[in-house]
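In: my questions are about this predicted structure, shown below with the sequence.
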Amino acid sequence: MRRSILNSLLIAGTVISVSACKPKKAIVVAPPAATEVKTDNTKAEALASLNSKQLKFNTLSLKAKATLDIAGNSNEVTMNFRIKDKEIIWVSITALGGAYEPARAIITPDSIKVMNRAKSEYLSKPFSYIYNFTNKQVNFNTLQAMLTGNAMGEFLTPESNLKQENGVWVVTGSKESLDYRLLFNTLLKVEETNLNDSKSGQALKVTYSDYQDLNESLFPSALKINTLSGMKKINIDLKFVKIDGNVPLEFPFKVPNSYKLVK
């Protein structure tokens, strides 16, 4: 039962793999790293530059064609995300060309709710329920940053280590049992995030590419997520085919009376 719920949660929260569809907007190409790198930046100046490139928004409406691989079990789906900054992540998963919606979820800083239409079941738990499957340093803002191509803000602080490697910034450090490494590109956008918890045997790698202009900033239209928890591997590739910022949104989530609550 826990595996079934975890699969639904992962699908609802970040799910997804690659589509042949090309984004409508032009891709912003990162320039090559300079052969001579300025080294007199203060740490505060460098962090300010990286933070200034974070995507700012009130709402986001996203659509992705996707494939999710959980332990070798692959499924192709369409994902629709609606995000209200720091408040709500709403996800609808559809299949068969949109004719069937097997799952819908809504995640807030306090709660996680998932409807499994295939089994007429629903899950309603506090956000802390996710800690059964991941490090306790993962919070709502971490999940939002992962989906929107932002660097996880709790790591862009003076407590982190900051240096340049091959002409780009790298942020590293530890937070309790979690080790983190953020690699940036020459656009000052995060290109790769690595989180590792050796004590629990959990690891997360997220890579971003194909940035587009959005809200006077940049948004990645290609996203890859690789997770390891014990012996369980999940590989996710995601390409967004529709990206809209600061549009009016609704977040419908009504559980039918006939659905069974999963304990």
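Out: Structure's in. What do you need?
In: which residues touch the helix or strand that contains Ile93?
Out: For Ile93, the host element (DSSP states H and E) is strand 88-95. Strand 88-95 is contacted from outside by 11-13, 15, 75-83, 100-108, 140, 143-144, 147, 249, 251, 253, using Cβ atoms under 8 Å, 6 or more residues apart in numbering. The way it works is simple: take the backbone N, C-alpha and C, and place the C-beta from them, glycine included.
In: quick one, grab the pLDDT at the residue nearest to Ile106 when sequence neighbours are not counted.
Out: Excluding the flanking residues, the one nearest Ile106 by Cβ to Cβ, 6 or more residues apart in numbering is Phe253, at 4.6 Å. On pLDDT, Phe253 comes in at 95.
In: then the one 10 residues further on?
Out: The predicted structure scores Lys263 at 83 on the pLDDT scale.
In: and it, how many neighbours?
Out: Other residues near Lys263 come to 7 when the count uses other Cβ atoms under 10 Å.
In: returning to what we had before: in its sheet, what does the strand holding Ile93 sit against?
Out: Strand pairing for strand 88-95, determined by DSSP bridges: strand 73-84 (antiparallel), strand 100-107 (antiparallel).
In: do you know which of those lies nearest Ile225?
Out: strand 73-84 (12.5 Å; Cβ to Cβ).
In: just name the most buried of the strands paired with strand 88-95.
Out: strand 100-107 (a mean of 20; mean count of other Cβ atoms under 10 Å).
In: buried sites along the very next helix or strand once past that strand?
Out: Once the chain leaves strand 100-107, the next helix or strand it forms, by DSSP H and E, is strand 111-116. By neighbour count on 16 or more other Cβ atoms under 10 Å, the buried set for strand 111-116 is 112-116.
In: just want the angle from strand 111-116 to strand 100-107.
Out: Put simply, strand 111-116 runs at 170 degrees to strand 100-107, going by axes from the mean of the first three to the mean of the last three Cα atoms, to 10 degrees.
In: which other helices and strands contact the very next helix or strand once past strand 111-116?
Out: Next along the chain after strand 111-116, taking DSSP H and E as the criterion, comes strand 121-126. Contact here means 3 or more Cβ pairs under 8 Å, 6 or more residues apart in numbering; DSSP states H and E; on that basis strand 121-126 packs against helix 2-13, strand 111-116, strand 260-261.
In: now do the strands in the stretch 151-263 of the chain.
Out: Assigned by DSSP state E, counting those that start in this stretch, the strands in the stretch 151-263 of the chain fall at 161-165, 168-175, 178-184, 190-197, 202-214, 217-229, 232-245, 260-261.
In: reformat these as a markdown table; add distance to Thr94.
Out: Conversion of those to a markdown table gives the following (distance: least, Cβ to Cβ, whole Å):
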| stretch | distance to Thr94 |
| --- | --- |
| strand 161-165 | 41 |
| strand 168-175 | 36 |
| strand 178-184 | 33 |
| strand 190-197 | 28 |
| strand 202-214 | 23 |
| strand 217-229 | 19 |
| strand 232-245 | 13 |
| strand 260-261 | 22 |
